[in-house]
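sequence first, predicted model second:
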Amino acid sequence: MAKLFHVVATSARLVSRSDRRSALKGTAVITLSSILVSLVLTSIAIMLVGERDWLSPLVLAALLPLLLVAPPLYLFSCRLIALDRYNHQLQQLAREDHLTGLFNRPHLLGMLERELALSQRHNYTVSILLIEIEDFTQLLDSYGRHTGEKALRLFADCIREKIRESDLFGRFDGAQFLLVLPHTNFDDAARMGEGLKALAGNLKLSSPGTAAQPEEAVTVCARIGVASTENSGRSLNPLLNEADYALYQNRNEGRDKTSPPALS
């Protein structure tokens, strides 16, 4: 009980105006219900006892919930609602990438492991796309961190709009993203990767201009490595290694090679 009071007390600073409104609505409903129940029970008691002075007991029955129930209930509700909202925010932070709003790497890998286990149980194929923004380090060196972060957000939003609700998409590492495609074979995943790569090639963003260097338009391009449980089995590490190796080949063998971030 002491710990509960301590948590409730320390949560007072987390209470927002919306929390107070929600607590007030809930308190009003519960208090009115308590008054109604109190009046009904008091009326029944008055009739059983045969008391002629019924007004005073009924007034007291209505006032007691207002005085004893409403104030503490409102205070506890405010703090408990604030705690629930704060815990929900913490859960979001634990699974989301702070920059793009996508799943972060730990949460995404956990969901991929669960998807692989389900695919083993129900015998369906899972493919993954390891997607990388091409020459991202050069983009950072040329245009700075602000433009790099803008490119990551734009790239993430572009792909997120084109995937299915059942697909899992998150930021894997730096300028790399991982897209998990349940019920998708290798060939279909490769075709989807080509489509996403072409879509990313149409993305352009502006870099902040300075007196020495005017504002420029930066083109964002992508490299993609494809892997599937058809070829690598249903274990997490072999699947990721296959996608990483495919991405490595695309990066170093010159396939789909583009020039450094282009100006237009």
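Sure, I can see it.

report the secondary structure state of the closest residue to residue 45 other than its chain neighbours.
Using CB to CB, 6 or more residues apart in numbering and skipping residues adjacent in sequence, the residue nearest residue 45 is residue 57, 7.6 Å away. Backbone N, C-alpha and C define where each C-beta goes, glycine included. The three-state label given to residue 57 by DSSP: H, G, I helix; E, B strand; the rest coil is helix.

tell me how far residue 57 lies from residue 43.
Residue 57 is 9 Å from residue 43, where distance means CB to CB, to the nearest Å.

for residue 132, what is the enclosing helix or strand?
Residue 132 is part of strand 126-133 when elements are defined by DSSP states H and E.

pretty sure the residue nearest to residue 45 contacts residue 41?
No. The pair residue 57 / residue 41 is not scored as a contact, 10.4 Å apart, by CB atoms under 8 Å.

who has more neighbours, the two?
Per other CB atoms under 10 Å, whichever of residue 57 and residue 41 has more neighbours is residue 57, with 16 against 11.

what about that one, distance to residue 34?
Residue 57 sits 16 Å away from residue 34, taking CB to CB as the criterion.

repeat for residue 99
Taking CB to CB as the measure, residue 99 falls 48 Å from residue 34.

repeat for residue 219
Taking CB to CB, one finds residue 219 at 65 Å from residue 34.

ok, now residue 69?
Residue 69 is 5 Å from residue 34, by CB to CB.

ok, now residue 221?
65 Å.

more crowded one of these two?
Just comparing residue 221 and residue 34: by other CB under 10 Å the higher neighbour count belongs to residue 221, 23 against 19.

you'd agree that one is up against residue 135?
Yes. If you go by CB under 8 Å, residue 221 and residue 135 touch, sitting 7.5 Å apart.

buried stuff in stretch 18-33?
19, 22-23, 26-27, 30-31 (16 or more other CB atoms under 10 Å).

using CSV, write out every CA atom in that stretch.
Taking C-alpha atoms only, stretch 18-33 is exported to CSV below (Å, rounded to 0.1, in the frame of the first residue of the first chain):
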residue,chain,number,x,y,z
SER,A,18,-6.3,15.7,-21.0
ASP,A,19,-5.7,13.3,-18.1
ARG,A,20,-7.7,15.6,-15.8
ARG,A,21,-10.6,15.7,-18.3
SER,A,22,-10.7,12.0,-18.6
ALA,A,23,-10.5,11.5,-14.8
LEU,A,24,-13.2,14.1,-14.3
LYS,A,25,-15.5,12.2,-16.7
GLY,A,26,-14.9,8.9,-15.1
THR,A,27,-15.3,10.3,-11.6
ALA,A,28,-18.6,11.9,-12.5
VAL,A,29,-20.0,8.7,-13.8
ILE,A,30,-18.9,6.6,-10.8
THR,A,31,-20.0,9.3,-8.4
LEU,A,32,-23.5,9.6,-10.0
SER,A,33,-23.8,5.8,-9.9
